[in-house]
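Trainee: 3D, please:
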Amino acid sequence: MGCGSSSDKTVDATTQTKGARGIVIFECEGGADKGFDGHRKDTLPIVTALAKRGVRAEVVYYRNEWVDSLLDYVTERAVAYISRVNTRALQGGEKPYFDFLSALSEKGLVGMSPPDVMASFESKDALAKLAGTGLVPDDTYAYYDSASLREKFAVTLSRGERILKQNRGAGGVGMWRVRCEPGVSVTPGEALPPDTRIMCTQAADNHTDYFTLQKFMDICEPYLAGDGGLVVDTKFLPRVKEGEIRVLSVAGVPVFVVHKKRADGAEAFSAALHASSARYTYESPQSWPVLTNQVKEALPKIGQLLGFKDPPLVWTADFLVDNDAAGSDKYTLSELRCACVCFANQLDSGIPDLIAEEVLKRVRFDSAAAPKKDAEAAAAKQPAPPPAPAPAAAADAPAPTAAAAADTAAAAAPPAAPPAAQQDTLVQKAADSADGADNAEPNPAVQADVKPAPEESMTVVETVENLETTDLENA
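Mentor: Numbers count the residues shown, from 1 in each chain. Predicted coordinates for the structure are as follows:
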């Protein structure tokens, strides 16, 4: 059907409900994070969880060239949207998509999450904005122009090893561990000269290059270009080899913790799956009480400094282990994500149901309601309405047709899972075609009410051999 909707069946069933408006979930077509049905593996369980609560939801694909049609379509059918789009992978950048979501907000739709929250939360300079809170090292800085980068980084590097990372990087691209070569004379606090010899290890593949400081600044120059161009400079934490700990939360509730153990090797500091045999261990929040309590307590301060009241619907916070002044362990924030969080390997953690419950808290479902802006405009143009006539007797109301009743019942009933043999065949086909997943066309025959197969238990260790890179890098 038009506007990139993923399910004609969903439309046919729900249009029997007069005036009903529900939730639209945005995705992009293609990509290795999609299953054989063309959807993210953790999106359809959200649709199912909402349906169990009487809320219609449908998945709609986003394209820049569809913006005008999408705006009309979504405004007519939805009171809110959930974004499941990896904005860093959008052709033409994230701005057209964010402008589209802003237009929906102007129409009165509830955004989960709205574009300003996503932009503030996901930008690497969020770390610099949180300096002084105890969440990040106090000497964390963001540079937005070449002069500031070259002038200030020459000073911060004189004080010790640094991490320099671009705003747009993913999978460790444009993230560097930087230190002076052995034997270089350094006076802490004094700017290093441009010809200082430095060692630079990139997180994407853990390879080390040797440059002059000036040459490395030239390499970083493109990171400052365009919308969102910036570089963040923070202290290197030697205990990074102990791993990175990711806390996934639904609104203010931590749901699970992932311990990402780094690769072995003297220069290794990346947990990117394609870069190493990094191991991912999934654990419950109860296994990390100090960290998860820190996340819950810090959330109001994060919201205040980053400019949002309600936390993102689903989000992650990554931490490294550091030492405090007394030598005890402390957790230091290294990244925030919310635009495209993946939980496909932990569906049995109850995340889809938590999401559905949070949606019900944030959204008022009124089948007779029009979008806010349109309703206000219409009300301003109309004279005061005459007194409403007495309601018709119940006997006068037309009875629903058998077909409409059947469609409505089918929409409300929980869908049956495919037979085990069919699931095995489909999974095998998906595995056989994984190499072409980025260009795969969605399968319109697979509807949005497919019930997902059960996932693994809460505590599980995964390695590079049995995990998709995008499942974790897009998280």
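Trainee: For the rest of this, base every contact and every neighbour count on C-alpha atoms.
Mentor: Will do.
Trainee: Give me the nearest residue to Ile23, chain neighbours excluded.
Mentor: Nearest non-adjacent residue to Ile23, counting by Cα to Cα, 6 or more residues apart in numbering: Ala57, 4.6 Å away.
Trainee: Could you pull up the residues touching that neighbour?
Mentor: 22-25, 47, 50-51 (Cα atoms under 8 Å, 6 or more residues apart in numbering).
Trainee: Closest one of those residues to Ala251?
Mentor: Distance to Ala251 across those (Cα to Cα) is lowest for Leu50, with 16.4 Å.
Trainee: Determine the number of other residues adjacent to the closest one.
Mentor: Residues near Leu50, counting by other Cα atoms under 10 Å, number 22.
Trainee: Sort out for me which of the contacts of Ala57 are in strands.
Mentor: Of the contacts of Ala57, the ones assigned to strands by DSSP state E are 22-25.
Trainee: before we move on, the earlier item: could I get the contacts of Ala57 in CSV, plus columns for pLDDT?
Mentor: Formatted as CSV, the contacts of Ala57 follow (pLDDT from 0 to 100):
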residue, pLDDT
Gly22, 94
Ile23, 96
Val24, 97
Ile25, 97
Val47, 96
Leu50, 96
Ala51, 95
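Trainee: one step back: and the residue nearest to Ile23, how far is that from Trp176?
Mentor: As judged by Cα to Cα, to the nearest Å, Ala57 and Trp176 stand 42 Å apart.
Trainee: Then Cys342?
Mentor: For Cys342 relative to Trp176 (Cα to Cα), the value is 25 Å.
Trainee: Confirm that Leu101 sits in a helix.
Mentor: Yes. Checked against DSSP: H, G, I helix; E, B strand; the rest coil, Leu101 lies within a helix.
Trainee: Tell me who's in contact with it.
Mentor: By Cα under 8 Å, 6+ apart, Leu101 lies in contact with 111, 114-115.
Trainee: Please name the bridge partners of Tyr210.
Mentor: Note on Tyr210: beta-bridge partners Met199, judged by DSSP bridges.
Trainee: thinking it is in contact with Asp195, fair?
Mentor: No. Checked against Cα atoms under 8 Å, the pair Tyr210 and Asp195 is beyond contact range at 11.8 Å.
Trainee: Between the two, tell me which one has more neighbours.
Mentor: For Tyr210 versus Asp195, neighbours defined as other Cα under 10 Å are more numerous around Tyr210 (15 against 11).
Trainee: What does the pLDDT read for that one?
Mentor: With respect to pLDDT, Tyr210 has a value of 97.
Trainee: Please renumber the chain so that the first residue is 3 from this point on.
Mentor: Got it, first residue is 3 now, which makes that one Tyr212.
Trainee: Next, format the contacts of Ala59 as TSV and append distance to Leu338.
Mentor: Shown next, in TSV, are the contacts of Ala59 (distance: Cα to Cα, whole Å):
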residue	distance to Leu338
Gly24	29
Ile25	25
Val26	24
Ile27	22
Val49	25
Leu52	26
Ala53	30
